[in-house]
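Enquirer: quick one, structure for this:
(one chain, ligands or ions: 1)
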Amino acid sequence: MQMNFQYMLAPMEKLVDASFRTICHKYGADLTFTELVRFEGLAKGNNSAVKRIRLCDDTPTYIQFMGKIEDKLEKFLNKFEPSNGFLGFNFNLGCPSQNYTNQGVGCAMVKRPTKTARLVDIVKDFGYAVNVKMRLGMTKKEKEDKLFIKLIEKVNADFFVVHARYRSESYRKEPDWKALEECVNTSKSIIANGNIETKDHVTFMKEIGCDGVMIGRPVLINPLIFAELRGISTPLLDEVWKEYLELVNSREMNYSKRLLSIEKNDLKNLKG
Ligand SMILES: Cc1cc2nc3c(=O)[nH]c(=O)nc-3n(C[C@H](O)[C@H](O)[C@H](O)COP(=O)(O)O)c2cc1C
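Expert: Numbers count the residues shown, from 1 in each chain. Here you go, the predicted model:
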C-alpha cells in the first residue's frame, strides 16, 4: 500500500484508552489502535471485550484483536457494526504473554503464516482493511530462521508493524533495527516499532524505507512527542494533560489513574 510516512500510537493494554487516543491524534498521531482483545470473546459478546473496542469519536483507529478460530472470527464480523473513526482491524502477533502463546496465539502466531493468511483473508472478504502487528518470533532461533520474513511474504495485510524484538527479549535490550531492513526488502509496507523517540530515529526509519513509525512507551509521559517529531508547534504539556482529564471525565473507559502515575524511570519496566 502506498502511503505518506505515518506516525502511529501503539496499543497499550490498560493504559491507552479512547481519550488518550483522541489527544494523541489531535497532537500529531495519524493512526491509533485499540488494546488487545480476543475475537473469540467478541464473538461471544463478552462485555469487557466489547467495551475495549468501543470508539468514542472520529479518531482514526484500528481495532486490534487476536485469536485462531476461523468460525469465531466470522461470527464476530457478521455482527460487527463499524462506528465513526473505525479504519479496519489489526491482528496481534506480538503479545509475549504465556497465557496466549501457550494457546498458539499472540507472538506464537509468527510461526503460523498459513493460519494467519487465512484469518487475514477472512477479514478482507468482509471488506475491511487489515494489518498486522508482530514481533520477530518467539525465540532467537525463530528469528534466525527468518520466520518473520516468511510470515510477511505470505500474508496479504495492508501493512506490518514490526516490533523488532523476539518474545523473550526484555525492553532493556535494544531492538534489532537491522531486522527491519530485511522486512522492508520484502517490498511489503513496514512500520517500525521499538525504542523510537527522536528525530534521528525517524530519519533512519525513513532512510531504510519504512512507511511509518509506531511509538508506545515514550508517549505515556509525553503525548506531544508526535508533534515534536513532526516539527509542529505544541501547547504546554500540562495543558494537554488537563485536556485529557476533561475528556476522560466524559467517557466510560478510563485508564487515567494508571497512566498519570507513570514516570520516566518506569518505562523500561513496563511489560506488554
Ligand atoms: C504496558 C504495555 C501494554 C501493551 N499492550 C499492548 C497491546 O495491547 N497490544 C499490542 O499490540 N502491544 C502492546 N504493547 C506493546 C507496544 O504496543 C509496543 O509494541 C512496545 O511497547 C514497543 O514500543 P515502544 O518501545 O515504543 O514502547 C504493550 C506494551 C506495554 C509497555
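
Enquirer: point me to the residue of the stretch 101-250 of the chain nearest the ligand.
Expert: Relative to the ligand, the nearest point of the stretch 101-250 of the chain is residue 216 (2.8 Å; Cβ to the nearest ligand atom). (Each C-beta comes from the backbone N, C-alpha and C, glycine too.)

Enquirer: skip the chain neighbours and tell me the closest residue to that residue.
Expert: residue 10 (3.3 Å; Cβ to Cβ, 6 or more residues apart in numbering).

Enquirer: I figured that neighbour hits residue 213, correct?
Expert: No - using Cβ atoms under 8 Å, residue 10 is not in contact with residue 213, being 9.8 Å away.

Enquirer: any residues in contact with both of the two?
Expert: Jointly contacting residue 10 and residue 213 under the rule Cβ atoms under 8 Å, 6 or more residues apart in numbering are residue 193.

Enquirer: list the buried residues in whichever strand in the chain runs longest.
Expert: Using DSSP state E, we find that the single longest strand of the chain is strand 86-93. Neighbour counts using 16 or more other Cβ atoms under 10 Å place 86, 87, 88, 89, 90, 91, 92, 93 of strand 86-93 among the buried residues.

Enquirer: now stretch 74-87
Expert: Counting neighbours by 16+ other Cβ under 10 Å, one finds that the buried residues in stretch 74-87 are 75, 76, 77, 80, 85, 86, 87.

Enquirer: likewise stretch 230-239?
Expert: For stretch 230-239, by 16+ other Cβ under 10 Å, it's 230, 234.

Enquirer: cool, and stretch 95-104?
Expert: Neighbour-count burial for stretch 95-104 flags 95, 96, 100, 101 (criterion: 16+ other Cβ under 10 Å).

Enquirer: and the pLDDT for whichever residue of the chain sits closest to the ligand?
Expert: Closest contact between the chain and the ligand, by Cβ to the nearest ligand atom, is at residue 272 (2.4 Å). Residue 272 carries a pLDDT value of 78.

Enquirer: do residue 250 as well
Expert: pLDDT, residue 250: 84.

Enquirer: returning to that earlier point: could I get the phi/psi values of the residue nearest to residue 216?
Expert: Note on residue 10: backbone dihedrals following degrees, to the nearest 10 are phi -70, psi 150.

Enquirer: OK, contacts around it?
Expert: Shown in contact with residue 10 (Cβ under 8 Å, 6+ apart): 16, 33, 193, 214, 215, 216, 217, 219.

Enquirer: 7 Å instead?
Expert: Residues near residue 10 by Cβ atoms under 7 Å, 6 or more residues apart in numbering: 33, 193, 214, 215, 216.

Enquirer: the third one reaches residue 193, doesn't it?
Expert: By that I understand residue 214. Yes - at 4.1 Å, residue 214 and residue 193 qualify as touching, with contact defined as Cβ atoms under 7 Å.

Enquirer: got any residues that touch both of those two?
Expert: Residues touching both residue 214 and residue 193 by Cβ under 7 Å, 6+ apart: 10, 161.

Enquirer: so who does residue 192 touch?
Expert: Applying Cβ under 7 Å, 6+ apart to residue 192 gives the contacts 162, 180, 205, 210, 213.

Enquirer: doesn't it fall inside a strand?
Expert: Yes - per DSSP: H, G, I helix; E, B strand; the rest coil, residue 192 lies within a strand segment.
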